[in-house]
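[1] turn this into a structure:
(chains A, B, C and D)
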2 protein chains.
Amino acid sequence: MPNSEDRCQCRMIHEERVDGARQKALAAEEIENLAQLFKALADPNRLRIIFALEQDEMCVCDLAAFLEVTESAVSHQLRLLRQLNFVTNRRQGPILYYRLTDSHISRLAGLALDHLRE
Amino acid sequence: MPNSEDRCQCRMIHEERVDGARQKALAAEEIENLAQLFKALADPNRLRIIFALEQDEMCVCDLAAFLEVTESAVSHQLRLLRQLNFVTNRRQGPILYYRLTDSHISRLAGLALDHLRE
DNA sequence: TAAATATATGAATAAATGCTCATATATTTA
DNA sequence: TAAATATATGAGCATTTATTCATATATTTA
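    Sure, this is the predicted structure:
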């Protein structure tokens, strides 16, 4: 983990390009947030949850049946998606129905899918 | 890891929704590919490489200087991005200049960024 | 209020990830 | 052809991640 004190010990062929990249670079925090967003989409089961909720809201045990994993696993995944505000829930008695917060995320996933399919 | 033989031992409150989700679900392979795509974007340094290459093609050692990591680390990251066809390179003498294969990926990243910024 | 149901959470664990170091390969130059 | 330069690769390691199991919390029903 190099700190900013001892940088530039490495070679640099095109200093102007490195400087240019530095100037136009996004803030570290923004990069981190972006990586976190993509990380949330970088798991098959979370993607399947997102696409399933695109159709209809679902409760934890239905999602567990759909994914064929434990309800605990789904609950952990939903917590992550909740923390990023990808999903919200409404309680009806003892049952929590999860749904997508908005269409942004599934549109992003859909666009990536389009890219995959060329 | 439950196999498909002993499924449905779990509760299921809305069987029709689970069936509906199953019917409209993407193929497992497609989900895997999509997760892999997002996984490639789920790392700060790879994102920084992608945004840097959006400006101009760059060689390995310049990218290493820009990111402040070893050239080996950059080379490993570039291999992953190359395997997914996110980047390509051209050789000029001993130097490999990397660039984005097309604008798809950076557009996807840009769209995600828009979402973050609301 | 006790039991049953639905979900959440913490700990533990196996697998994946990203880095560094050492070394290999490829190209140019002396 | 030997040395120098630019990049790639494999092994090893620390960290993160996704899951399960055990247990806790919250809601409804008997």
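
[2] contacts and neighbour counts: CA atoms only from here.
    Will do.

[3] against A:Cys59, how distant is the closest residue to DNA strand D within chain A?
    Closest approach between chain A and DNA strand D, counting by C-alpha to the nearest atom of the strand: A:Gly93, at 2.9 Å. In this view, A:Gly93 and A:Cys59 are 12 Å apart by C-alpha to C-alpha, to the nearest Å.

[4] between the two, which one's more packed in?
    Legend: neighbour count by other C-alpha atoms under 10 Å in any protein chain shown for A:Gly93 and A:Cys59, higher for A:Cys59 (23 against 6).

[5] beta partners of the more buried one?
    For A:Cys59, the beta-bridge partners under DSSP bridges are A:Tyr97.

[6] so for it, what's the pLDDT?
    For A:Cys59, the pLDDT comes out at 96.

[7] now do the same contact list for it.
    By C-alpha atoms under 8 Å, 6 or more residues apart in numbering or on different chains, the residues touching A:Cys59 are A:Ile95, A:Leu96, A:Tyr97, A:Tyr98, B:Ile13.

[8] tally of neighbours for the third one?
    Read that as A:Tyr97. Using other C-alpha under 10 Å, A:Tyr97 has 17 other residues around it.

[9] again with A:Asp43
    A:Asp43: 18 neighbours (other C-alpha under 10 Å).

[10] tell me the spacing between it and A:Glu15.
    Distance of A:Asp43 to A:Glu15, computed by C-alpha to C-alpha: 38 Å.

[11] sorry, back to before: return the per-residue confidence for the residue of chain A closest to DNA strand D.
    Note on A:Gly93: pLDDT of 91.

[12] show me the shaky parts of chain A.
    Counting by pLDDT under 70, chain A shows low-confidence ranges at A:1-10.

[13] ok, 90 please
    A:1-13, A:115, A:117-118 (pLDDT under 90).

[14] spatially central residue for it, please.
    Among the residues of chain A, the one closest to the centroid is A:Ala40, at 2.5 Å (C-alpha atoms, centre = their mean).

[15] among the contacts of A:Cys59, which ones are buried?
    Neighbour counting with 16 or more other C-alpha atoms under 10 Å in any protein chain shown marks A:Leu96, A:Tyr97, A:Tyr98, B:Ile13 as buried within the contacts of A:Cys59.

[16] tell me which helix or strand comes right after the helix or strand harbouring A:Ala73.
    Assessed by DSSP states H and E, A:Ala73 sits inside helix A:71-83. Downstream of helix A:71-83, the first helix or strand assigned by DSSP H and E is strand A:87-92.

[17] direction included, what does that next one pair up with?
    Partners of strand A:87-92 in the sheet, by DSSP bridges, are strand A:95-100 (antiparallel).

[18] what does the partner strand contact?
    Outside strand A:95-100, the residues that touch it by C-alpha under 8 Å, 6+ apart are A:50, A:53-54, A:56-60, A:86-91.

[19] orientation of that strand relative to helix A:71-83 in degrees?
    Going by axes from the mean of the first three to the mean of the last three C-alpha atoms, to 10 degrees, strand A:95-100 is angled at 50 degrees with respect to helix A:71-83.

[20] do strand A:95-100 and DNA strand D meet at all?
    No: counting by C-alpha under 7 Å from any atom of the strand, DNA strand D is not contacted by strand A:95-100; separation bottoms out at 7.6 Å.

[21] so what's A:Ala25 up against?
    Contacts of A:Ala25 (C-alpha under 8 Å, 6+ apart): B:Arg48, B:Phe51, B:Ala52.

[22] ugh, wrong one, A:Ala64
    So A:Ala64 contacts A:Thr70, A:Glu71, A:Ala73, A:Val74, B:Cys10 (C-alpha under 8 Å, 6+ apart).
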